[in-house]
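Visitor: next one to model:
(one chain, ligands or ions: 1)
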Amino acid sequence: MAKGLFITFEGVDGCGKSTQMRFLAEHLKENGYDIVCTREPGGSPIAEKVREILLDIGNGEMTDNTEALLYAAARAQHVAEVIRPAIEAGRIVLCDRFIDSSLAYQGVGRDLGVEQVFKINEFAIDGVMPDYTFFLDFPPHLAFERMSKKRVHDRLETQEEAFYKKLYDGFVMLSNRWPQRILRIDASGDKFQTKEIVRGRMNGLLERHGLLHE
Ligand code: TYD
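Guide: Sure, this is the predicted structure:
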């Protein structure tokens with residue numbers, strides 16, 4: 001069976017990953033690649049409903065365990081409906097956040113423990129791990145400043161600066177744990193510099209998989 005590539009984008013809120021994913025998607029499309037762009041939490045109708053519960057600022061009483069399980073539940077549905085079928089059809093899937101967000105936000109940020117959160121997610125993803133992950137390495141204090149300027153915040157964004165640093169350290173720890181899979185991208189320059197770095201790394205990956213279009 002043809003197998004595509006599964007690539008995720010990760011980092012703290014405000015690191016610029018959604019913009020970079022859009023840049024890369026446009027570039028790949030222009031070069032004739034068959035790609036699917038999706039995001040978490042959400043990405044399929046049922047998972048989007050779970051997203052609304054997760055990000056609802058009115059759900060302040062949600063426990064950390066419930067939060068971790070809901071992210072995993074949304075992910076299970078997203079994998080089954082969107083990600084796995086696309087990979088099996090030989091497409092390139094780009095996903096804005098995936099399992100590493102749970103490991104960093106719930107495992108490290110909420111102190112549930114990376115191993116514990118990994119266990120529930122193993123059940124949710126049912127073997128569908130990203131082939132590669134672009135971790136956008138952007139200084140957490142600057143990410144916090146950026147997010148503070150946003151006028152409307154969701155439940156997860158109403159956090160303090162120290163939480164950003166904790167998440168950032170979590171992502172760094174994950175990139176050290178999976179150095180082959182998680183590519184640490186210097187995102188401290190302007191967005192066009194970062195775009196070139198991401199594009200260069202992506203070309204390297206396509207070449208490695210014999211997918212580079214001439
Ligand atoms: P979203 O508005 O999509 O944020 P972003 O544009 O930064 O990706 O909201 C997603 C929020 O959910 C974000 O604060 C990170 C958080 N999150 C988790 O805590 N765990 C997870 O597993 C995922 C996928 C996201």
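Visitor: R201 and L183 touch, don't they?
Guide: Yes. The criterion here is Cβ atoms under 8 Å, and R201 meets it with L183 at 5.6 Å. (C-beta placed from N, C-alpha, C; glycine too.)
Visitor: looking at the two, which is more packed in?
Guide: L183 (21 against 16; other Cβ atoms under 10 Å).
Visitor: give me phi/psi at the more buried one?
Guide: With angles defined as degrees, to the nearest 10, L183 sits at phi -100, psi 120.
Visitor: give the contact list for it.
Guide: Shown in contact with L183 (Cβ atoms under 8 Å, 6 or more residues apart in numbering): 132-135, 201.
Visitor: those residues in strands, which ones?
Guide: 132-135 (DSSP state E).
Visitor: and which of the contacts of L183 is nearest to E122?
Guide: Nearest to E122 among those is T133, at 16.4 Å by Cβ to Cβ.
Visitor: gap between D34 and G4?
Guide: D34 sits at a distance of 8 Å from G4 (criterion: Cβ to Cβ, to the nearest Å).
Visitor: spell out which parts of this structure neighbour the ligand.
Guide: Contact residues (Cβ under 6 Å from any ligand atom) of the chain with the ligand: 13, 18, 40-41, 55, 71, 96-97, 101-102, 105-106, 154, 156-157.
Visitor: any buried residues in stretch 171-191, and which?
Guide: Buried positions in stretch 171-191, judged by neighbour count with 16 or more other Cβ atoms under 10 Å: 171, 174-175, 181-185, 187.
Visitor: now stretch 35-55
Guide: Within stretch 35-55, the residues that count as buried by 16+ other Cβ under 10 Å are 35-44, 46-47, 50-51, 53-54.
Visitor: tell me who's in contact with V36.
Guide: Contacts of V36 by Cβ under 8 Å, 6+ apart are 82, 86, 91-94.
Visitor: try it again at 10 Å.
Guide: Neighbouring residues of V36 by Cβ atoms under 10 Å, 6 or more residues apart in numbering: 4, 6, 25, 43, 82-83, 85-87, 89, 91-95.
Visitor: got the contact list for R84?
Guide: By Cβ under 10 Å, 6+ apart, the contact list for R84 reads 6, 78, 93, 125-128.
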